[in-house]
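Participant: kindly return the folded structure for what I paste below:
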Amino acid sequence: MALSASKLRANIYRLLDEVLETGQPLEIERNGKTLVVAPKEEQSIWDRLPQREGAIVGDPDELIHIDWSSEWNPDPN
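Facilitator: Numbering: from 1, shown residues only. Purely as a prediction, here's the structure:
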């Protein structure tokens, strides 16, 4: 959906910040033509993923070396 130039003018800083945060281009309609405002550097898909609470952040290879022996119970009953 294209935004009018007047709406862009009224909210330019908020809209530009939104483009930078989301990486989604902004379409502006002016004199029957469409202009696009987009970040020059494309965000990677990994940077656009939402942060999830409890997610492991770091090197996954380090998980291999964690000692889980105190957590393991061979008899679940």
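Participant: now the most centrally placed residue in the chain: closest residue in space that isn't a chain neighbour?
Facilitator: The residue lying closest to the centre of the chain (Cα atoms, centre = their mean) is R48, at 2.2 Å. For R48, ignoring the flanking residues on the chain, the nearest one in space by Cβ to Cβ, 6 or more residues apart in numbering is G23 at 5.9 Å. Where you see a C-beta, it was placed from the backbone N, CA and C, and this is true even at glycine.
Participant: quick one, helices of this structure?
Facilitator: Along the chain, counting by DSSP state H, helices occupy 5-10, 12-22, 45-48.
Participant: format those as a markdown table; extra columns: mean pLDDT and distance to P60.
Facilitator: Output for these, formatted as a markdown table (pLDDT from 0 to 100; distance: least, Cβ to Cβ, whole Å):
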| stretch | mean pLDDT | distance to P60 |
| --- | --- | --- |
| helix 5-10 | 92 | 43 |
| helix 12-22 | 92 | 27 |
| helix 45-48 | 78 | 13 |
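Participant: just checking, which helix or strand of this structure averages the lowest pLDDT?
Facilitator: Lowest mean confidence among the helices and strands of the chain (mean pLDDT, DSSP states H and E): helix 45-48, at a mean of 78.
Participant: quick one: the helices of the chain as TSV, columns for distance to N31 too.
Facilitator: Below are the helices of the chain laid out as TSV (distance: least, Cβ to Cβ, whole Å):
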stretch	distance to N31
helix 5-10	9
helix 12-22	18
helix 45-48	32
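Participant: V36 is nearest to which of the ones you listed?
Facilitator: Smallest distance to V36 across the helices of the chain (Cβ to Cβ): 9.9 Å, for helix 12-22.
Participant: outside of the closest one, which residues touch it?
Facilitator: When contacts are defined by Cβ atoms under 8 Å, 6 or more residues apart in numbering, helix 12-22 is touched by residues L3, L8, Q24, P25, L26, V37, A38, P39, R48.
Participant: next one, pLDDT for M1 please.
Facilitator: M1 carries a pLDDT value of 67.
Participant: the one 3 residues further on too?
Facilitator: Here, the pLDDT recorded for S4 equals 92.
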